[in-house]
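Engineer: what follows is a predicted protein model with its sequence.
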Amino acid sequence: MKPYLLFLSLIVPILSVAQKTIKVSYEQKFIYNDSFFNQIPEDSREEVKSFMTAPTYFELTNNGDFSLYESVNTKEKVVASKTESTPTNQNLGMILKPFKVWYLKDFKKEISTNSTWVSDKEYFVEAPFEQEELHYDSKTKIIDGYNCFELVT
């Protein structure tokens with residue numbers, strides 16, 4: 001019985017200190033006006049429209065100390081040209097690349113790190129958190145028992 005009590009007395013504090021991680025998935029979908037797609041050649045218009053209006057997925061992972069926001073399943077698509085090539089003009093089609101997002105926030109050091117691509121090379125840019133100056137109105141509203149001020153924009 002004593003070995004079990006010793007084992008439990010060692011495990012319970014470890015489990016109570018374990019940090020929880022939260023993962024949230026987002027879906028983003030852009031809506032374009034039809035006049036936007038009228039600028040694209042008619043032979044590839046529908047493929048480009050289906051690519052650009054397809055939802056983009058993101059994940060936000062937070063463990064209390066760090067927060068990572070990144071895009072998921074970003075694949076480029078090749079739209080083949082349906083126009084015939086001539087000796088003076090080759091129609092190779094289009095390569096559509098979705099934008100990639102990778103954004104890390106370190107809440108202990110108050111630093112954000114951003115992924116940036118320049119000439120097919122990935123760079124990570126660090127910057128301190130932006131300190132926004134917030135201005136509140138004198139109006140108050142009680143929400144869930146909390147006395148809240150209105151933010152002036």
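Structural biologist: Cool, the structure landed.
Engineer: residue contacts, S112?
Structural biologist: Y103, L104, K105, D106, E126, A127, P128, F129 (Cβ atoms under 8 Å, 6 or more residues apart in numbering). C-betas here are computed from N, CA, C, even on glycine.
Engineer: apply 6 Å and report the result again.
Structural biologist: Counting by Cβ atoms under 6 Å, 6 or more residues apart in numbering, S112 touches K105, A127.
Engineer: could you give the bridge partners of it?
Structural biologist: Beta-bridge pairing of S112 under DSSP bridges involves K105, A127.
Engineer: what average pLDDT does stretch 31-45 get?
Structural biologist: Average pLDDT, stretch 31-45: 84.
Engineer: and it, end to end?
Structural biologist: Length of stretch 31-45, first residue to last, Cα to Cα, to the nearest Å: 15 Å.
Engineer: likewise stretch 112-130?
Structural biologist: Span of stretch 112-130 from end to end, Cα to Cα: 9 Å.
Engineer: can you list the residues that contact stretch 49-68?
Structural biologist: Against stretch 49-68 from outside (Cβ under 6 Å, 6+ apart): 19, 21-29, 37, 69-72, 77, 96, 104-108.
Engineer: buried subset of these?
Structural biologist: Among the contacts of stretch 49-68, those buried by neighbour count (16 or more other Cβ atoms under 10 Å) are Y69, E70, S71, L104, K105.
Engineer: distance of the last one from Q131?
Structural biologist: The reference is to K105. 14 Å (Cβ to Cβ, to the nearest Å).
Engineer: how about low-confidence regions in this structure?
Structural biologist: Scanning the chain for pLDDT under 70 picks out 1-19.
Engineer: what segments of it are helices?
Structural biologist: Assigned by DSSP state H, the chain shows helices spanning 2-17, 34-37, 45-53.
Engineer: centre of the chain to the shortest one, how far?
Structural biologist: Right, helix 34-37. The chain centre lies 26 Å from the centre of helix 34-37; the measure is Cα atoms, centre = their mean, to the nearest Å.
Engineer: and that helix, C-alpha only, in PDB?
Structural biologist: Written as PDB, here are the backbone C-alpha positions of helix 34-37 (Å, rounded to 0.1, in the frame of the first residue of the first chain):
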ATOM      1  CA  ASP A  34     -17.800  39.100 -60.900                       C
ATOM      2  CA  SER A  35     -16.200  42.000 -62.600                       C
ATOM      3  CA  PHE A  36     -12.900  40.900 -61.000                       C
ATOM      4  CA  PHE A  37     -12.900  37.600 -62.900                       C
END
